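[1] please work out how this folds:
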Amino acid sequence: MKNLIICIGTLVVLSVFATGQTSESNNKLPTLRQIKEVTLAPSYSCRSSEEFAKGYVNTALYLSDFGGPDLLFNGACGSVDYFEAATAGDDMSLVADLGPGISLEELSAHRAFNVAEVFSFEKYSKFAKVVTVQPDHTYAVLMNAMNRRGLLVFTVTEYVPNKKVSLRYAVEAYQVNMSRPVVSPGFEWERKNSR
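    As a prediction, the model looks like this:
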């Protein structure tokens, strides 16, 4: 009987702790489908040595406290600026330019992959590691990192080359994997395949 009481007490404590963890974690996750605004400045690769020492500060969008940046405003001084999706470690995120004149209010997770909603290979979104910054264009970011995945859409509202970009954005999906992932060993970005 004593062991049963100890066991039940332990389960109650663990469930209270787990509930506290879940609600605390949810407070750190982005709200879905809520349009927000941010300005990123200057482009990441057009900064002084002192600014580089501070990391990504003001050049990247972080949607949560989990992992690295979800979107980076980048470009060397005097060159073309571009958006890069999630840059940390083994992240394999991608970004697509959906084109001009697309309203965030009318965009959904479904339409981020095919804005026209027409079965045509040309109409499907083309995702890449980087895309150029274009005024008034709308973009989609497909986040794929070891500890998180999601879908972000955003529109460029103001752009000054190498200096700043202002965005309206909404998070369509966001998940965090807090468990220890099971991965195949040996991943390296530059390593070639063998037999």
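
[2] now Ala88. Nearest residue, chain neighbours left out?
    Gly68 (2.8 Å; CB to CB, 6 or more residues apart in numbering). (C-beta placed from N, C-alpha, C; glycine too.)

[3] I'd assumed Ser93 was in contact with the one you found.
    No: assessed by CB atoms under 8 Å, Gly68 is found out of contact with Ser93, at 9.9 Å.

[4] more neighbours: which of those two?
    Under the criterion of other CB atoms under 10 Å, the comparison of Gly68 against Ser93 puts Ser93 first, with 24 against 18.

[5] and the more buried one, what is it in contact with?
    Residues in contact with Ser93 (CB atoms under 8 Å, 6 or more residues apart in numbering) are Asp70, Ala85, Ala86, Val141, Leu142, Met143, Asn144, Ala145.

[6] ramachandran angles for it?
    According to degrees, to the nearest 10, the main-chain angles of Ser93 amount to phi -80, psi 160.

[7] pLDDT score for the residue most central in space within the chain?
    Geometric centre of the chain, nearest residue: Asp70, 3.0 Å, by CA atoms, centre = their mean. Asp70 is assigned a pLDDT of 92 by the prediction.

[8] dump the residue contacts of it.
    For Asp70, the contacting residues are Ala60, Leu61, Tyr62, Leu63, Ala85, Ala86, Ser93, Val141, Met143, Gly150, Leu152, by CB under 8 Å, 6+ apart.

[9] and the strands in this protein?
    Counting by DSSP state E, the segments of the chain that form strands are 36-40, 60-61, 71-74, 82-85, 94-100, 127-128, 130-132, 137-144, 148-160, 164-176.

[10] given the fifth one, what are its sheet partners and their directions?
    Spelled out, it's strand 94-100. Under the criterion DSSP bridges, strand 94-100 sits next to strand 127-128 (antiparallel), strand 137-144 (antiparallel) in its sheet.

[11] before we move on, the earlier item: the residue nearest to Ala88 and Ala53, how far apart?
    According to CB to CB, to the nearest Å, Gly68 stands 17 Å off from Ala53.

[12] next: Gly75.
    From Gly75 to Ala53 the distance is 19 Å (CB to CB).

[13] now swap in Trp189 and tell me
    Distance, Trp189 to Ala53, using CB to CB: 24 Å.

[14] Glu117 contacts Arg111, doesn't it?
    Yes: between Glu117 and Arg111 there is a contact at 6.4 Å, judged by CB under 8 Å.

[15] of these two, who's got more company?
    Under the criterion of other CB under 10 Å, the comparison of Glu117 against Arg111 puts Arg111 first, with 17 against 10.

[16] residues contacting the more buried one?
    Counted by CB under 8 Å, 6+ apart, Arg111 has contacts Glu117.

[17] cutoff 10 Å now
    Leu98, Ile102, Glu117, Ser125, Ala140, Val153, Glu172 (CB atoms under 10 Å, 6 or more residues apart in numbering).
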